[in-house]
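Novice: Any chance you could fold what I've pasted below:
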Amino acid sequence: MNIFEHYLKEICGLVKKNKNELKLINFNDFKNITVETPPSNFNFDLSTNISLVLGKLNNLNPKDLSLQIKNILKNNINDFNEIEIAGPGFLNINISDKAITSNIKDIFKENDSYGSLKANKTFNIEFVSANPTGPMHIGHCRGAIFGDVLSNLLIFNGNKVTKEYYVNDYGNQIKNFVKSVYLRIREIKDGEKFIDDKDLYPGEYIIDIAKKILKSKNYKHSSFEKSYDYISKQALKLSMEIIKEDLKKLGITHDKFVSEKSIVQSKILLKAINELKKNDFIFEGYLDPPKGDENKNWKKTKKLIFKSTLFGDDANRALQKDDGSWTYFANDLAYHYDKVSRNYNYLINILGADHTGYINRIKGAVSAISKNKTNLECKVCQLVKLLKKGQPYKMSKRAGEFISVNDLLLEVDKDSIRFMMLNRSNDVELDFDFEKILEKSKENPVYYVQYCHARIQSIFRTINYKPKKDIKINKNFKFNKYEKEIIKKVFEWPKIIKISCSKYEPHRIPFYLYELSTLFHSYWSKGNENENFKFIKDGKISDDKIIIVINLILVVLKNGMKILNVSLPNKM
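Specialist: Residues are numbered from 1 along each chain as shown. As a prediction, the model looks like this:
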């Protein structure tokens, strides 16, 4: 149950019912009217801006309107026991202890679905999609976790989600990858030295792949051209196994893998082009020469061009190279044509920081393909800076020229990586400080949240309490201010889920869990200052209300950490 939406509906309903008395003509469907948690310096549970919004719409004094609405609410909503007019016309509201216990009962009933809106939409979320030319590196890690947690978040909210990986197994990078493996095979078998070439892949993993291919009974050592098909098939298979294993170590699995090569070899691209031609989104012609260094090798060549400028791009985009072969964008257009044909309500692509300039053209392609019926959202994950004690940290590169996920996992555990990769919004750079992550203090968010759970389990062990599904609540409970702070924060959980889903911002989940855990630890610490606030006395719980409060925390912790796929240890 979302109490903010529940009370917003009640307030708006009463105001509409009394519109004549209030001299209200314009409602605008109550747009922009909210019920929120007031700032911490106000000792209230709820705050609404209804008088400000309707006052402006109807040319009425907000404070005068507030006084009238206040009286209507006091006389009609039993859950409200105190209402105050604040500032230019906000209404601050306290709900009764009886209403608090009633809402708590609803939370315990919902339990592992508390916060879910049961949205029931379909999503395709494409993320990682790293070139299958070696292990995942640190640059892929943030996007991988972001995509996985966003998927989990939308699933928790009642949606059906396909987690998809687009395998870029076509193009020059694959030829260079296969050549690298072949040369390592020659090095191992014939003693030829691996050549120094910036286009080749020098990592140790290439040697491992080469050794595995050599062990195969079906491999016949021959020239590069004759060996190409077999080596390509086996090397890509082995490389994808490495990537899938890296993802598994991070707690990530995909539902679907789509091969770029299979898209190219199918008739999907031609179908897409023919359809877009019919709608006048593709023409055959010439592009202006590129600016700067790229102009040196430019040739004026007639080719198929997508009218990307119709969709906010700064230039139209070629679908063919000078030699007539398809561009990467053309293949990507075909892939998204395939996605659209699968009839998802929403498509989401998680992109790296170097793909920002690519967004308008691919969003335009989806708009053109779907005739504006399918929305593609692109979320860019900015760079991760590795730090130690606040200073740049250079890890050893066991995979060659880059820091792999395995390198990272040798230094930090999976739970810490997942939590900390969401410690800031995806659209800003992230500082990943190894020193903080290894600290056992408030400065380490993942530790602080996990320690909250471990502390609660310690309380249960001490008093020999076994959590029950049916938790009895005394309707006469009067919660103290510290308990109320925690309860108010727990009440916010459905709102956090709603805004995180609507904005595709999963970083709000760890922020919220950290704030909730901080309130718990702070309340626990009060017992060290004042005997009256001790949770446990003589081996027994000091107050039955504490059991209610910590069980509420557990409901949200379990749901939140399940979305993050981060463990909740019972002991630390």
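
Novice: Which secondary structure state does the residue nearest to Ile50 when sequence neighbours are not counted sit in?
Specialist: Ranked by CB to CB, 6 or more residues apart in numbering and with sequence neighbours excluded, the top spatial neighbour of Ile50 is Ile33, at 4.9 Å. Where you see a C-beta, it was placed from the backbone N, CA and C, and this is true even at glycine. Under DSSP: H, G, I helix; E, B strand; the rest coil, Ile33 falls in the coil class.

Novice: so how far is Lys16 from Ile33?
Specialist: Ile33 sits 11 Å away from Lys16, going by CB to CB, to the nearest Å.

Novice: Comparing those two, which residue is more hemmed in?
Specialist: Neighbour count, other CB atoms under 10 Å: between Ile33 and Lys16, Ile33 has more, with 19 against 12.

Novice: gap between that one and Ile548?
Specialist: Counting by CB to CB - Ile33 and Ile548 are separated by 32 Å.

Novice: Lys70 now?
Specialist: Taking CB to CB as the measure, Lys70 falls 31 Å from Ile548.

Novice: The two: who's more crowded?
Specialist: Per other CB under 10 Å, whichever of Lys70 and Ile548 has more neighbours is Ile548, with 20 against 17.

Novice: Next, give phi and psi for the residue nearest to Ile50.
Specialist: Backbone torsions of Ile33, given as degrees, to the nearest 10, read phi -80, psi 130.

Novice: same deal with Asn316?
Specialist: Torsion angles, degrees, to the nearest 10, at Asn316: phi -70, psi 160.

Novice: In terms of helices and strands, where is the most centrally placed residue in the chain?
Specialist: Computing the C-alpha centroid of the chain and ranking residues by CA atoms, centre = their mean puts Leu150 first, at 3.2 Å. Leu150 is located in helix 138-156, with elements delineated by DSSP states H and E.

Novice: from the chain's centre, how far out does that helix sit?
Specialist: The chain centroid and the centroid of helix 138-156 are separated by 5 Å under CA atoms, centre = their mean, to the nearest Å.

Novice: Just after that helix, pick out the following helix or strand.
Specialist: Moving toward the C-terminus from helix 138-156, the first helix or strand encountered (DSSP H and E) is strand 160-167.

Novice: So which residues make contact with that next one?
Specialist: Residues outside strand 160-167 that contact it (CB atoms under 8 Å, 6 or more residues apart in numbering) are 120-129, 132, 147-148, 151, 154-155, 240, 253-261, 335, 344.

Novice: Show the subsequent helix or strand relative to the longest helix seen in the chain.
Specialist: Counting residues, the longest helix found in the chain (DSSP state H) is helix 224-249. Note on helix 224-249: by DSSP H and E, the next helix or strand toward the C-terminus is strand 256-259.

Novice: counting contacts, what elements does that next one pack onto?
Specialist: strand 160-167 (3 or more CB pairs under 8 Å, 6 or more residues apart in numbering; DSSP states H and E).

Novice: now the strand it packs on against helix 138-156, angle please.
Specialist: For strand 160-167 against helix 138-156, the angle by axes from the mean of the first three to the mean of the last three CA atoms, to 10 degrees is 160 degrees.

Novice: So which bits of strand 160-167 are buried?
Specialist: Judged by neighbour count (16 or more other CB atoms under 10 Å), strand 160-167 contains these buried residues: 161-167.

Novice: Tell me which two of the residues you listed sit farthest apart.
Specialist: Spatial extent of those (CB to CB) is set by the pair Val161 and Val167 at 19.3 Å.

Novice: returning to that earlier point: buried residues of the helix holding Leu150, list them for me.
Specialist: Neighbour-count burial for helix 138-156 [16+ other CB under 10 Å]: 138-154, 156.

Novice: quick one: it to helix 224-249, angle?
Specialist: Orientation of helix 138-156 against helix 224-249 (the same axes, to 10 degrees) gives an angle of 50 degrees.

Novice: Adjacent strands (with direction) for the helix or strand that contains Phe432?
Specialist: Assigned by DSSP H and E, Phe432 falls within strand 430-433. Sheet partners assigned to strand 430-433 using DSSP bridges are listed as strand 384-388 (parallel).

Novice: can you list the residues that contact the following helix or strand past the strand it pairs with?
Specialist: Moving toward the C-terminus from strand 384-388, the next helix or strand (DSSP H and E) is strand 391-392. For strand 391-392, contacts defined as CB under 8 Å, 6+ apart pick out 385-386.

Novice: strands paired with strand 391-392, and their directions?
Specialist: strand 384-388 (antiparallel).

Novice: Just the buried subset of the contacts of strand 160-167, please.
Specialist: 123-129, 132, 147-148, 151, 154, 240, 254, 258-261, 335, 344.

Novice: May I see the buried residues of the longest helix of the chain?
Specialist: Neighbour-count burial for helix 224-249 flags 227, 230-232, 234-236, 238-240, 242-244, 246-247 (criterion: 16+ other CB under 10 Å).

Novice: can you give me the end-to-end distance of stretch 407-425?
Specialist: End-to-end distance for stretch 407-425: 24 Å, by CA to CA, to the nearest Å.

Novice: what ranges do the strands span in the stretch 301-450 of the chain?
Specialist: With DSSP state E, counting those that start in this stretch as the criterion, the stretch 301-450 of the chain has strands at 303-306, 317-318, 346-352, 375-381, 384-388, 391-392, 430-433.

Novice: What helices and strands are in contact with the first one?
Specialist: If I follow you right, that is strand 303-306. Helices and strands touching strand 303-306, as assessed by 3+ CB pairs under 8 Å, 6+ apart, comprise strand 282-285, strand 317-318, helix 328-341, helix 359-370.

Novice: Go through the ones you listed and name the closest to Lys466.
Specialist: Going by CB to CB, the one of the helices and strands packed on strand 303-306 nearest Lys466 is helix 328-341, 47.9 Å.

Novice: Using PDB, write down the CA coordinates of that closest one.
Specialist: The C-alpha trace of helix 328-341 is given here as PDB (Å, rounded to 0.1, in the frame of the first residue of the first chain):
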ATOM      1  CA  TYR A 328      27.300  -1.000 -38.000                       C
ATOM      2  CA  PHE A 329      24.300   1.300 -37.700                       C
ATOM      3  CA  ALA A 330      22.500  -0.600 -40.500                       C
ATOM      4  CA  ASN A 331      22.900  -3.900 -38.600                       C
ATOM      5  CA  ASP A 332      21.800  -2.200 -35.400                       C
ATOM      6  CA  LEU A 333      18.700  -0.800 -37.200                       C
ATOM      7  CA  ALA A 334      17.900  -4.400 -38.300                       C
ATOM      8  CA  TYR A 335      18.400  -5.700 -34.800                       C
ATOM      9  CA  HIS A 336      16.000  -3.000 -33.400                       C
ATOM     10  CA  TYR A 337      13.500  -3.900 -36.200                       C
ATOM     11  CA  ASP A 338      13.600  -7.400 -34.800                       C
ATOM     12  CA  LYS A 339      13.100  -6.100 -31.300                       C
ATOM     13  CA  VAL A 340      10.100  -4.000 -32.300                       C
ATOM     14  CA  SER A 341       8.500  -7.000 -34.000                       C
END
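
Novice: Excluding sequence neighbours, find me the nearest residue to Lys440.
Specialist: Leaving aside its sequence neighbours, Lys440 sits nearest to Tyr447 (CB to CB, 6+ apart; 5.6 Å).
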